[in-house]
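Enquirer: for reference, the sequence and a predicted model appear below.
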Amino acid sequence: MKRRSLPVAAALATTAALLLTACGGGDDKSSDNDKIAGAEQGTEKPKKSAEPAGTAKDRPDGVDVSLPKDMDLVFDWDKPEKKNEAAAMDDAANYIRAIYRGVDKGTTKDAAVIAYSTGDGLHYAETQISSRVDDGWTATGTRRHYQATTRSAPGGNSVEIAFCVDSSKFYGKEVKTGKVHTTKPSIADFDHFKIIMVKFPTSDKLWQASKVFVEEEAVKCQ
């Protein structure tokens, strides 16, 4: 049986009042003055700061978000023009990478997880990693992220990154045997994410995921 990527059974609850418009739809008329859910979320000091993806060797801060060759996370989106939104989007991608790096390494304490998440975002990451590690699972294949939109809170210290996910070619793999479990593509492979990224107070380069909202079986992402 296919192991769902980032199952929402452990995702944080949300309400319609906290949600923005659908991903990728050009009808989003929200302004920068709209309040973003989770914008007031506090931050926890990471062990190291962070930049966009790369190995520790390639990165000045030394935070490694590299993944095994058989685990391909594709971020098929264009960066926004606003500097803060572009930086927040980069680190939202790094947050997702950090989760799967934790799955691969079998730990919730990897430096990347600590660097790119805080508060409820950290709890979500730890839950997702633990649910796989405890059951003896890792992942393999390609997971595509696309139709990304951004929205900033007043002051620019909080940015919501919304995007679609296609996991139809991303499968669960048994750690002990290496057996890959595949299924036929279905609506269950499509999810819509909204991640609230907050700027770390003492760094202009680091953004952390403070809250995660997930819509399962998102028809709008097909």
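Expert: Everything's here; your move.
Enquirer: flag the shaky bits of this protein, pLDDT-wise.
Expert: 1-62 (pLDDT under 70).
Enquirer: what number of residues lie near N94?
Expert: 27 (other CB atoms under 10 Å). C-betas here are computed from N, CA, C, even on glycine.
Enquirer: that one is in contact with D64, isn't it?
Expert: No. Using CB atoms under 8 Å as the test, N94 is too far from D64 to be in contact (10.6 Å).
Enquirer: now do the shared contacts for these two.
Expert: Listed as contacting both N94 and D64 by CB atoms under 8 Å, 6 or more residues apart in numbering are A112.
Enquirer: contact partners for the closest residue to E217 other than its chain neighbours?
Expert: Sequence neighbours aside, I187 is the residue nearest to E217 in space, at 4.8 Å (criterion: CB to CB, 6 or more residues apart in numbering). By CB under 8 Å, 6+ apart, I187 lies in contact with E217, V219, Q222.
Enquirer: mind listing the strands for the protein?
Expert: 71-76, 137-152, 158-174, 180-181, 190-199, 207-215 (DSSP state E).
Enquirer: list the buried residues for stretch 183-199?
Expert: By neighbour count on 16 or more other CB atoms under 10 Å, the buried set for stretch 183-199 is D189, F190, D191, H192, F193, K194, I195, I196, M197, V198, K199.
Enquirer: between those, which is nearest W77?
Expert: F193 (12.0 Å; CB to CB).
Enquirer: looks like the closest one contacts A209 (just checking).
Expert: No. With contacts counted by CB under 8 Å, F193 stays clear of A209, the gap being 10.2 Å.
Enquirer: could you measure the most centrally placed residue in the chain against G121, distance?
Expert: Centroid-nearest residue in the chain: I96, 3.5 Å away (criterion: CA atoms, centre = their mean). From I96 across to G121, the span is 11 Å (CB to CB, to the nearest Å).
Enquirer: which parts of the protein are helices?
Expert: 83-105, 111-116, 119-133 (DSSP state H).
Enquirer: packing partners of the second one?
Expert: Here helix 111-116 is seen to pack against helix 83-105, helix 119-133, strand 207-215 when contacts are counted using 3 or more CB pairs under 8 Å, 6 or more residues apart in numbering; DSSP states H and E.
Enquirer: of all the ones you listed, which one is nearest G141?
Expert: Closest of the helices and strands packed on helix 111-116 to G141 is helix 83-105, at 11.2 Å (criterion: CB to CB).
Enquirer: go through the closest one and flag the buried ones.
Expert: Applying a neighbour-count criterion of 16+ other CB under 10 Å, the buried positions in helix 83-105 are 84-105.
Enquirer: once you drop chain neighbours, what's closest to E215?
Expert: Using CB to CB, 6+ apart and skipping the chain neighbours, the partner closest in space to E215 is H192 (4.2 Å).
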